[in-house]
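Chemist: whatever this is, show me its structure:
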Amino acid sequence: MKIHILDSAKALVAARGFSGVGLSEIVAAAGVPKGSFYYYFESKEAFGRALLEHYFEGYLAELETMLADEGKPARERLQAYWRFWRTNQEGNDPEGKCLAVKLGAEVSDISEDMRLELRKGTSRIVSRLCRTLRDGLEDGSVESTRNPFDIAETLYQLWLGASVMAKIERKPAPFDAAMIATDLLLSGK
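Modeler: As a prediction, the model looks like this:
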């Protein structure tokens, strides 16, 4: 039931933000009484933390699948990930939206627990990107003298920023610029 509530509310939160969704909407989307919500979550903030934790578990499993195909050069796997990112962020389906993009700025100032969950999840993403960058340095598809962790962190921050700017501008130009910068970083430039 807990997972059902989280899954049911994800699209609402992805579409309207954490503060923009009320408890009554969460329980209505899940089709459960308010008491069931409080059985699993002591507060809306505890729900938000659990939502982020659940989101990152699924996201990281999907990321692992995308980046684990060692039959392809690491650079190709990384570029496939960024194309996936762009497609999800440009689409209109709230289910595909990144909760780190949607909630990062909103909840980091209002909930320390949710901020820490965001930090933990995004750190795990950066670590996985770093591992693929190391693979790329080994297979020759990535060229750089920079530390793979620094590249991974820079790329993740670049794409988070591009996602926010694409929302603001309602144009794909930030993603175009992010892809150019990504190619340059992966080429050691």
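Chemist: run through the helices of the protein in chain order.
Modeler: 2-16, 23-30, 34-40, 44-67, 74-90, 99-108, 112-139, 148-169, 173-186 (DSSP state H).
Chemist: can you put these in a markdown table and add mean neighbour count and mean pLDDT?
Modeler: To be clear about C-beta, it is placed using only N, CA and C from the backbone, and glycine gets the same treatment. Listed next are the helices of the chain as a markdown table, based on neighbours: other CB atoms under 10 Å; pLDDT from 0 to 100:
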| stretch | mean neighbour count | mean pLDDT |
| --- | --- | --- |
| helix 2-16 | 18 | 93 |
| helix 23-30 | 16 | 94 |
| helix 34-40 | 14 | 93 |
| helix 44-67 | 17 | 96 |
| helix 74-90 | 18 | 94 |
| helix 99-108 | 19 | 91 |
| helix 112-139 | 18 | 97 |
| helix 148-169 | 18 | 95 |
| helix 173-186 | 17 | 96 |
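Chemist: residue farthest from the centroid of this structure?
Modeler: Gly35 (30.4 Å; CA atoms, centre = their mean).
Chemist: from Trp85, how far off is Ala162?
Modeler: Computed with CB to CB, to the nearest Å, the distance linking Ala162 and Trp85 is 9 Å.
Chemist: my read: Tyr59 touches Gly121, true?
Modeler: Yes. At 7.4 Å, Tyr59 and Gly121 qualify as touching, with contact defined as CB atoms under 8 Å.
Chemist: so Ala11 is in contact with Glu95, correct?
Modeler: Yes. Taking CB under 8 Å as the contact criterion, Ala11 and Glu95 are neighbours in contact, 5.1 Å apart.
Chemist: what sits against the residue nearest to Lys120 when sequence neighbours are not counted?
Modeler: Closest residue to Lys120 in three dimensions, ignoring its sequence neighbours and counting by CB to CB, 6 or more residues apart in numbering: Phe56, at 7.4 Å. Contacts for Phe56 (CB atoms under 8 Å, 6 or more residues apart in numbering) come out as Glu117, Lys120, Gly121, Arg124, Ile125.
Chemist: which of the residues you listed lies closest to Tyr39?
Modeler: Nearest to Tyr39, judged by CB to CB, of the contacts of Phe56 is Glu117 at 20.7 Å.
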